[in-house]
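Participant: no FASTA, just this:
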DNA sequence: ATAATAATGATAATCGTTATCAAAACAAGG
DNA sequence: CCTTGTTTTGATAACGATTATCATTATTAT
């Protein structure tokens, strides 16, 4: 039976209080400021647990260590090809429903049943797009 | 200047001759049958090179080691939540164009410029869907 | 408070991948 | 088809990220 732990709560809150998508290591360094006795294994262990219960989401970046997202609501991730920053893109309920139908139809192409989906967009973020235009 | 190598050619062909999405290790074991002297480092090195030149694609599965796809043409990946097999879903040019427009519009929501995208669908594949229905 | 059990933190172990480097393979010119 | 310069190879060490181990500590139910 699952027990409460100060550490798990702290990890969840720390992740929820951020808008970015930190690695386990970043989160660990962050939390150590308030809870110096915490161990890196505890961070990894709880991040896994929180993923399994659907409270957070693990995201696999193109390269480098895994990142974590404190927002389990479905949304789209954008990764900048230049600075590698990850941004969230939110879509309206109507658009989400339309998208889900499309996804379901695609899965049916191979006789499968879609349960969830994951969309990544790559390109140049606002900042890097501007920089690119200035330098050319 | 890039030089030809028997090994790189073999790796590319071995990957292209498969319909699945093997790991570097699987591909290595496979190739060793025909080319016993090949080393695992050569496989990793050439898979990276082939990705950089766009001849193949590296795909990051939800868990486990990276997988490789010998088909660089844009298509959608489906991963079964039950057996974890990965399937390809191909879409028509018309649909692709429509999708690209949608992707571009989404990127614009955060002032970004989309260059490429990557769609994953999760759920139950044809086989596992049938099994599930039989057992219930 | 007690007892049962789950979670922790330190750290060893593992896994996937990359770096190193001497030897072998390739490409171009004579 | 030798020679020379350059790239690639294969063996293996090194690395970074993550997971396993396990004695100790925290949490929960009674």
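Facilitator: Arrived safely, thanks for sending. Note that the structure is a prediction, hence the values are computed from the model and not measured.

Participant: How far away from the center of its chain is stretch A:64-81?
Facilitator: From the chain centre to the centre of stretch A:64-81 is a distance of 3 Å (C-alpha atoms, centre = their mean, to the nearest Å).

Participant: tell me which residues in it are buried?
Facilitator: A:66, A:67, A:68, A:69, A:70, A:76, A:77, A:78, A:79, A:80 (16 or more other C-beta atoms under 10 Å in any protein chain shown). All C-beta atoms are positioned from the backbone trio N, CA, C, and that covers glycine.

Participant: I'd like the list of the residues you listed that fall within strands, please.
Facilitator: Among the buried residues of stretch A:64-81, the members found in strands (DSSP state E) are A:67, A:68, A:69, A:76, A:77, A:78, A:79, A:80.

Participant: would you list those residues in a markdown table and tack on distance to DNA strand D and pLDDT?
Facilitator: A markdown table is the format used below for these (distance: C-beta to the nearest atom of the strand, whole Å; pLDDT from 0 to 100):
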| residue | distance to DNA strand D | pLDDT |
| --- | --- | --- |
| A:67 | 8 | 97 |
| A:68 | 9 | 98 |
| A:69 | 13 | 98 |
| A:76 | 22 | 96 |
| A:77 | 16 | 96 |
| A:78 | 20 | 96 |
| A:79 | 16 | 95 |
| A:80 | 19 | 93 |
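
Participant: Looking at these, spot the one nearest residue B:56.
Facilitator: Set against residue B:56, the nearest of these by C-beta to C-beta is residue A:79 (20.0 Å).

Participant: ok now do the closest one, which residues does it touch?
Facilitator: Neighbour list for residue A:79: A:61, A:62, A:85, A:86, A:87, A:120, A:121, A:122 [criterion: C-beta atoms under 8 Å, 6 or more residues apart in numbering or on different chains].
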